[in-house]
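**Student:** The following block contains a protein sequence and its predicted model.
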Amino acid sequence: MTPFRPRQRYEQVADRLAADIRAGRLAPGERLPSERDLARRLEVGRASVREAIAALQVAGMVETRPGSGTFVAAGAADRTRDAHDSSPSDLLEARELLEPAVARLAAQRGRPDEEAEALLAAMEAAADAGDRAGWNDCDRRFHQRIAALTGNPVVLDLADRIAAVMDEPLWQRLRDDSIAVAGRTTLHLAEHRMIYEAIAEGDADAAELYATQHIRRVRRYMTLD
């Protein structure tokens, strides 16, 4: 028998909005209040509202129109919102626990790597072209490559699992919102380069430090209210 899992705040917000949609309190085509207004009304943080809206978007209950806001989708009342086992906050917490240790181990076995260097170059090109999808793909693959450099297949399996979650629509939506702010891709790229160079030089302390700083910055960007 599976034990009960405490409901996360964003799930509670999503369920509340879904109930309002099914009850007709939010009609198809109606614009949802802003994140700030919803956070104030529901007495939660804006990060919880942001994750809830992304979850409803994945379920097809709402749609976001750039520059206009988020609207109730046609037929939304007939859809259901599946519960998710993890939230982006869960993933970021796990990454902060794991990735610095992965970077340290990779550095202990440090060597230059052509594939990692190619991914960094591709990230830079994607950033210059404003190609968010290309950036996200290279970002995900870069962290998988760092895990591969440890030479440990179990570590690589964990990294593959994290990468699979990062490829889910809910995560992609929040990541796109995060890197939409000017200058953030440049900063992330610089941090990626610092992590890789520390690994290539065999500097385990630096690799761990830079990986920690990078994930903490990503958490601040994605969960800032």
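**Tutor:** Received it, and whenever you're ready, just let me know what you need. Numbering: from 1, shown residues only.
**Student:** Using the record's assignment, carve this protein into domains.
**Tutor:** 9-78, 88-223 (automatic domain parsing).
**Student:** okay if I get those domains as CSV plus mean neighbour count and mean pLDDT?
**Tutor:** In this view, the C-beta of every residue, glycine as well, is placed from N, C-alpha and C. CSV is the format used below for those (neighbours: other C-beta atoms under 10 Å; pLDDT from 0 to 100):
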stretch, mean neighbour count, mean pLDDT
domain 9-78, 17, 86
domain 88-223, 18, 87
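**Student:** wait, isn't A77 in contact with I21?
**Tutor:** Yes: counting by C-beta atoms under 8 Å, I21 is a contact partner of A77 at 5.6 Å.
**Student:** helices or strands up against the helix or strand where A101 lies?
**Tutor:** Per DSSP states H and E, A101 falls inside helix 88-108. For helix 88-108, the packing partners by 3 or more C-beta pairs under 8 Å, 6 or more residues apart in numbering; DSSP states H and E come out as helix 46-58, helix 132-148, helix 153-166, helix 169-179, helix 184-200, helix 204-223.
**Student:** Tell me the gap between it and the middle of its chain.
**Tutor:** 14 Å (C-alpha atoms, centre = their mean, to the nearest Å).
**Student:** could you check the angle helix 204-223 makes with it?
**Tutor:** For helix 88-108 against helix 204-223, the angle by axes from the mean of the first three to the mean of the last three C-alpha atoms, to 10 degrees is 160 degrees.
**Student:** gap between the two ends of stretch 49-68?
**Tutor:** Taking C-alpha to C-alpha, to the nearest Å, stretch 49-68 runs 17 Å from one end to the other.
**Student:** distance between it and the chain's centre?
**Tutor:** The answer for stretch 49-68 is 15 Å, by C-alpha atoms, centre = their mean.
**Student:** ditto for stretch 109-126
**Tutor:** That offset, for stretch 109-126, works out to 21 Å (C-alpha atoms, centre = their mean).
**Student:** Stretch 158-170 now?
**Tutor:** 9 Å.
**Student:** May I have that stretch as CSV, with CA atoms only?
**Tutor:** Backbone C-alpha positions of stretch 158-170 (Å, rounded to 0.1, in the frame of the first residue of the first chain) are rendered in CSV as follows:
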residue,chain,number,x,y,z
LEU,A,158,20.6,9.4,-12.0
ALA,A,159,21.6,12.2,-14.4
ASP,A,160,19.5,10.7,-17.2
ARG,A,161,16.5,10.6,-14.8
ILE,A,162,17.0,14.2,-13.9
ALA,A,163,17.3,15.1,-17.6
ALA,A,164,14.1,13.3,-18.4
VAL,A,165,12.2,15.4,-15.8
MET,A,166,13.9,18.6,-17.2
ASP,A,167,12.4,17.7,-20.5
GLU,A,168,8.8,17.6,-19.2
PRO,A,169,6.5,20.5,-20.3
LEU,A,170,6.1,21.8,-16.7
